[in-house]
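A.B. asks: Need coordinates for the following:
(2 chains)
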Amino acid sequence: MALLQISEPGKTKDLHDKKYFVGIDLGTTNSLISLVQNGSPNILKDQNDNELIPSVVNYTKDNISVGNYIKSNDTITFRSVKRLIGKNYKDFLDNNFFPPCEFISDNNIIKFNVYNKLLTPIEISSEILKFLKKVAEHRLNGEIAGCVITVPAYFDDAQRQATKDAAKLSGLNVLRLLNEPTAAAIAYGLERKTNSKIMVYDLGGGTFDVSILDLKDGIFKVLSTGGDSSLGGDDFDHLLATYIENKLNLDIDKNKRYELYLHAKKIKALLTFNDSVKVNLSEIEIKSDNLVITKNDFNLLINNLLQKTLKISNKVLIESNLSIKDIDEIVLVGGSTKTPYVKKLIEEYFNKKPLSSINPDNVVAIGAAIQADLLSGNSQEELLLLDVIPLSLGIETMGELVEVIIPRNSTIPITNSKEYTTFKDGQTAMNIHVVQGERDVVSDCRSLAKFTLNNIPPMVAGAARVKVEFQIDADGILNVKAMETMTKKFTSIEVKPSYGISDKEIENMLKDSFENAGKDIEKRHLNEAIVEAERVILAINSALDLDGDNLLNKNEYEIICIARDNLKEIIHSKNKDSIIKAIKNLEKRSEEFISRRMNSSIKSIMKGKKIKEYS
Amino acid sequence: MTIDFNQNYFQLFEINYSVEIDNEELEKRYLDFQKKFHPDKFVNSTDYEKRLSLQITSYINEAYETLKDEYLRSIYLLKIKGYEINDQNSTLSDSDFLMHQMELREELEGLKNTKDKIKKDKFKEKIIVLKNSCFSDFKKYFKKDAFEDASIKIKKMKFYISIENDIKKGS
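C.D. replies: Alright, predicted model coming up:
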């Protein structure tokens, strides 16, 4: 007779005590969960045997479901919520995210009203992660002890932090955030193991990422990374839809145009395997007049976009001081690389056949599983990953300029510090403004955080020194500290804003940084000249106040004042060269005065008397 | 797990104080350190060990980036010799060089709107030659312990590097 087994409370864990370390590809459209078993990486399937789990969250009045599209009136369905993670309300309004329900702004945080509950994108994302965790626990009949979650290389501090927060909400222990292109390279690197330089070309639905990695003696080092966060396969669909619209001379409204766009996606997919497709739009009630689209038509449409990706790839190559012939392997990632013309162009441009033995839909998740296994300490592999920070970090200095403290493509974790000094006599506070981006001017970069360092001991301008230290950890998350070095007064903040840079903004920031480099330099030099002019005027005024009457005769005094007033006037001209000229002039006119001051102060020290007393 | 944070970067990597170093040797030591101290190796360790690993790898990365780059390495060497170059003292009071700077800036400005790639490449080439000659002068002075003169060369080199970066940005 079988006895009913009753386990002791608290010991139930023994029933499935095996602990697993998984990889998670939390995608915009689909998500995957994976792990390494017996040395080989596998994707875990859900109850319907699907590897790709749609990143869809459905809410009904009293139920939440994930992974399937439910069309019903009492269901609120969220798709592509990854687009909103780490973004603020303003970013959300700029983004073309289609909200499925009412929403509000709470302190600039987006909140959706889901059956009278206010939910943030972080909470909605966490439902996807909870579901993936359940899938894995069910398949493995064990506990998930830790995970590696992949993020786009271009994710900024806030988006990374928000992804980690979502994982925390879902009860997952995040060992590491891993950049998606890096994950893909790991997936292939482990297969090959030979020392090589690998380029990862990742063209998804909405983003393009490219990274160069160096695999050497078991160490994977990311050399540089770049991309365009608003270029992807969706753009192919838009071009195709517009082409059809023009060919058929259609006069259609916004909704119809959207339907046509969805239909263009299908045509694109058909063109992957066929040389031509006869367009049939009867489904969306458009007469298509026997229109036929050939592969060649399509290729011509997308050619410009693809040339852009090649240009970016080349730039990233230059940044790692490499040329095309140095690249040993090219890895393709993302659904859009399935387009035959994409493969063909890459092969021609780099003169090398891209690797495609791993399904581009799975390759990121496989890399994540390998990294999770490496981090778990159970792995037999000796592989170490050295990743980089994708966007430069800096702080605002005088004249609204950005002083870069950690340049992009620096290996993380990294610390760097810089000393700043006070601008005015007796200054007791200093604002620290942390920004992220590639432009020289603050207003063109993304503001990450602002804080104030108070109680600086009042000293003459330039005497107080504030050391600002940036620390970026292995997840790419930032921590900033500031300290006045004489009094060792400490201010520390974690840069943890409730928003991040919108993809569009990063895209624009980077693009602008290249296109406007010229304008920036100009602006920068002008600002520098103005700051310098102001500094010189302040210094001269203070010197005149102290010693002007004693050391100068009326005529000499006048000459300096004229040069000074002339400079003051010229600052308004906004002409860099004239400002510099005027500074030089003022300096020249004051030379004699300055040297007299030096002498007199030496004399006064020697005599132990003040100048006034001895003159 | 520990390292001495007070030693300088050359001591850390056990490399001779020199303007010219063996980059392969440097990289090899760097990677060995990474294998030993990287935070990935301490995922399941105590918070204290995690923090220490973060500090050590940050220090190693900073040290490596400094020594790897000839310009940063030179500045670091001067600092060790007591000739620190910072924002306050990095301006040169050499009016000829100032003129030269302005001319090159103007030339760069003029190239901005041209599509003539050969012209651009030529300019880039010229800057690199100027930079390299500055650097070899620096090396000469440095070897003779003429640190004052060496500092001036490095300050000039800084200007050429900034032009070079602007060319890269604009291309």
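A.B. asks: any idea how far the residue lying closest to A:Pro407 once chain neighbours are set aside is from chain B?
C.D. replies: Once flanking residues are discounted, A:Pro407 sits nearest to A:Ser392: 5.1 Å by CB to CB, 6 or more residues apart in numbering or on different chains. (C-beta placed from N, C-alpha, C; glycine too.) Noted for A:Ser392: a distance of 12 Å to chain B, by CB to the nearest CB, to the nearest Å.
A.B. asks: got the phi/psi numbers for A:Lys574?
C.D. replies: Phi and psi for A:Lys574, reported as degrees, to the nearest 10, are phi 60, psi 30.
A.B. asks: which residues does it contact?
C.D. replies: Neighbouring residues of A:Lys574 by CB atoms under 8 Å, 6 or more residues apart in numbering or on different chains: A:Leu526.
A.B. asks: who's in contact with stretch A:103-118?
C.D. replies: By CB under 8 Å, 6+ apart, stretch A:103-118 touches A:59-61, A:76, A:78, A:84, A:87-90, A:92, A:99-102, A:119-121, A:124, A:498-499.
A.B. asks: picking that back up, per-residue confidence for the residue nearest to A:Pro407?
C.D. replies: A:Ser392 carries a pLDDT value of 88.
A.B. asks: Is it in contact with A:Gly437, as I believe?
C.D. replies: Yes: the criterion here is CB atoms under 8 Å, and A:Ser392 meets it with A:Gly437 at 6.7 Å.
A.B. asks: who has more neighbours, the two?
C.D. replies: Neighbour tally, A:Ser392 and A:Gly437, criterion other CB atoms under 10 Å in any protein chain shown: the higher count belongs to A:Gly437, 28 against 20.
A.B. asks: Tell me how many other residues crowd residue 104.
C.D. replies: Since no chain was named, I'll use chain A. So A:Ile104, with other CB under 10 Å, has 11 neighbours.
A.B. asks: Sorry, I should have been clearer: chain B.
C.D. replies: Neighbour tally, B:Leu104, other CB under 10 Å: 17.
A.B. asks: Kindly state the beta-bridge partners for A:Asn416.
C.D. replies: Counting by DSSP bridges, A:Asn416 forms beta bridges with A:Phe470.
A.B. asks: Let me see the contact set for it.
C.D. replies: Contacts of A:Asn416 (CB under 8 Å, 6+ apart): A:Ile405, A:Ile406, A:Ser410, A:Glu469, A:Phe470, B:Glu62.
A.B. asks: now A:Ala184
C.D. replies: Here A:Ala184 is in contact with A:Val200, A:Asp202, A:Val331, A:Val333, A:Val363, A:Val364, A:Gly367 (CB under 8 Å, 6+ apart).
A.B. asks: got it, and B:Ser53?
C.D. replies: Neighbouring residues of B:Ser53 by CB under 8 Å, 6+ apart: B:Met1, B:Phe37, B:His38, B:Pro39, B:Lys41, B:Phe42, B:Ser45.
A.B. asks: Which helix or strand contains it?
C.D. replies: B:Ser53 belongs to helix B:47-68 when assigned by DSSP states H and E.
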